[in-house]
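Colleague: could you work out the structure for the sequence below:
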Amino acid sequence: MTRSYDQSCPAARALDVVGGRWSLLIVRELLLGPRRYTDLVEGLPGIGPNVLAERLRELRDAGVVGRTRLEPPAASTVYELTELGAAMRPLLDELTRWGMRLPAPSRPGDTFRLSWMLGCLRASFRPEQARGVRETYEFRVDDSTFHLRVDDGTLDIRHGGAADAVCTLTTDLGTLLAVGARLVDVEDAVARGLARLEGELPAAARAIGILGTHLEATDGRHGIVGAVGSTFRPDRARGVREIYEFVVDDLVFHARVDDGTVETDLGPAPDAAATLVTDLGTLLQLGAGSLPLEDALSAEVITVDGDLEAALRMADAFGVVRADRSASAP
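Modeller: Numbers count the residues shown, from 1 in each chain. Next up, the predicted model:
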């Protein structure tokens, strides 16, 4: 049964509709386009099927969400925002901006979805960067695809590909974070084999200029930490409880692994079981799997200090490819 504040106040009436747990996050997911029920389950880890069904019913009854049957060959039922629901975009963007100011680092057990980062990018968009630009850019990041549609200072981000994209950039999340934070030039990322570009390079550079606003604001530091954190594989770190230190160019940070969870933070770790020292380009190649650990060691582009077995566990936990491929085999 839906609870009400029973107050004759627009703010209270709004909270009657979207103030319940998960309701705003459902709207967050649908701001990126229509989603199937299974897509919403995937995008909202932790929600129970009964709770999701109940929240969708409440949002439909309030006229915030609609349900549509797609034409064949898709023939799927999808949920999408109504005009009333779509009007919540500025509210969600402002809530995201406010949340970005909170001093709350990622906690052990926190999950991550690329779509959540897209909300940050939309919220931190600077219209002046896109005056006079009317283009669509497609990104294929790991197993996700999304596109940016820019129209003279406005930005729309949606799930899926775009037939009219002027360029398509295919890469992994770590490289996208580093490129967006201006730590690696997109041309250099393509030359190193960290990204593949279809279309013209100037268009890709414009897309990165728009995408990188939020990441650039962190002076690039969170781009590096995010690049490392995005490669973490919980299944490879079960039972591991160690701290690993990374020295990347002039930046030092560490990762605390605790039985399949990871917490990253800036600064050294005096009790690190192993320390990896390298440059950003090499770190990205290791994380993307294009440079085996043994090859990096023999070429002396990285050094590893500390316990050797701990260093191997570190490499395995963060998806670094071994020459025999055994460490990263699925």
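Colleague: any idea what the nearest residue to Leu30 once chain neighbours are set aside is bridged to?
Modeller: Nearest residue to Leu30, sequence neighbours excluded (C-beta to C-beta, 6 or more residues apart in numbering): Leu81, at 4.8 Å. No exception for glycine: its C-beta is placed from N, CA and C like everyone else's. For Leu81, the beta-bridge partners are Val65 (DSSP bridges).
Colleague: report pLDDT for Leu81.
Modeller: With respect to pLDDT, Leu81 scores 96.
Colleague: what residues are up against it?
Modeller: By C-beta atoms under 8 Å, 6 or more residues apart in numbering, the contact list for Leu81 reads Val27, Leu30, Leu31, Val64, Val65, Gly66, Met88.
Colleague: can you check Arg21 too?
Modeller: Contacts for Arg21 (C-beta under 8 Å, 6+ apart) come out as Val51.
Colleague: do a quick rundown of the strands in the stretch 201-330 of the chain.
Modeller: According to DSSP state E, counting those that start in this stretch, the stretch 201-330 of the chain carries its strands in the segments 241-248, 251-258, 261-266, 274-278, 302-306.
Colleague: below-threshold pLDDT in this protein: ranges please.
Modeller: Across the chain, the ranges flagged by pLDDT under 70 are 1-2, 74-75, 103-112, 211-223, 226-227, 322-330.
Colleague: backbone dihedrals for Trp22, please?
Modeller: Trp22 adopts backbone torsions of phi 90, psi -20, taken as degrees, to the nearest 10.
Colleague: pretty sure it is touching Leu44, no?
Modeller: Yes: counting by C-beta atoms under 8 Å, Leu44 is a contact partner of Trp22 at 6.6 Å.
Colleague: common neighbours of the two, please.
Modeller: Leu52.
Colleague: if we can go back for a sec, dump the strands of the stretch 201-330 of the chain to CSV, plus distance to Gly319 and mean neighbour count.
Modeller: Formatted as CSV, the strands of the stretch 201-330 of the chain follow (distance: least, C-beta to C-beta, whole Å; neighbours: other C-beta atoms under 10 Å):
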stretch, distance to Gly319, mean neighbour count
strand 241-248, 13, 20
strand 251-258, 13, 19
strand 261-266, 12, 17
strand 274-278, 13, 20
strand 302-306, 15, 16
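Colleague: now distance to Pro292 too, for those strands, in JSON lines please.
Modeller: Output for those, formatted as JSON lines (distance: least, C-beta to C-beta, whole Å):
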{"stretch": "strand 241-248", "distance to Pro292": "18"}
{"stretch": "strand 251-258", "distance to Pro292": "21"}
{"stretch": "strand 261-266", "distance to Pro292": "22"}
{"stretch": "strand 274-278", "distance to Pro292": "14"}
{"stretch": "strand 302-306", "distance to Pro292": "11"}
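Colleague: those strands: which one's closest to Glu58?
Modeller: When those are compared by C-beta to C-beta, strand 261-266 sits nearest Glu58, at 32.9 Å.
Colleague: and the angle from the closest one to strand 241-248?
Modeller: Put simply, strand 261-266 runs at 40 degrees to strand 241-248, going by axes from the mean of the first three to the mean of the last three C-alpha atoms, to 10 degrees.
Colleague: returning to what we had before: ok, and the most crowded of the contacts of Leu81?
Modeller: Neighbour counts for the contacts of Leu81, by other C-beta atoms under 10 Å, peak at Leu30, which reaches 26 neighbours.
Colleague: distance from the chain centre to the helix or strand where Leu52 lies, please.
Modeller: Leu52 belongs to helix 49-61 when elements are defined using DSSP states H and E. When distances are taken as C-alpha atoms, centre = their mean, to the nearest Å, helix 49-61 is centred 26 Å away from the chain's centroid.
Colleague: now Gly19. Its backbone dihedrals?
Modeller: Backbone torsions of Gly19, given as degrees, to the nearest 10, read phi -80, psi -10.
Colleague: next, work out how far apart the residue most central in space within the chain and Leu24 are.
Modeller: With distances taken as C-alpha atoms, centre = their mean, the residue of the chain nearest its centroid is Leu114 (3.0 Å). Going from Leu114 to Leu24 by C-beta to C-beta, to the nearest Å gives 19 Å.
Colleague: and Pro45, by the same measure?
Modeller: 16 Å.
Colleague: pick out whichever of those two has more residues nearby.
Modeller: Each of Pro45 and Leu24 has its neighbours counted (other C-beta under 10 Å); Leu24 has more, 15 against 9.
Colleague: what's the helix or strand for that one?
Modeller: Assessed by DSSP H and E, Leu24 sits inside helix 23-30.
Colleague: how about Ala178?
Modeller: Assigned by DSSP H and E, Ala178 belongs to helix 173-180.
Colleague: ok, the residue nearest to Asp172 when sequence neighbours are not counted - how many residues close by?
Modeller: Once flanking residues are discounted, Asp172 sits nearest to Ala288: 5.0 Å by C-beta to C-beta, 6+ apart. Close neighbours of Ala288, defined as other C-beta under 10 Å, add up to 23.
Colleague: for Val301, same thing?
Modeller: Number of residues near Val301 (other C-beta under 10 Å) recorded here: 17.
Colleague: sweet, I'm off.
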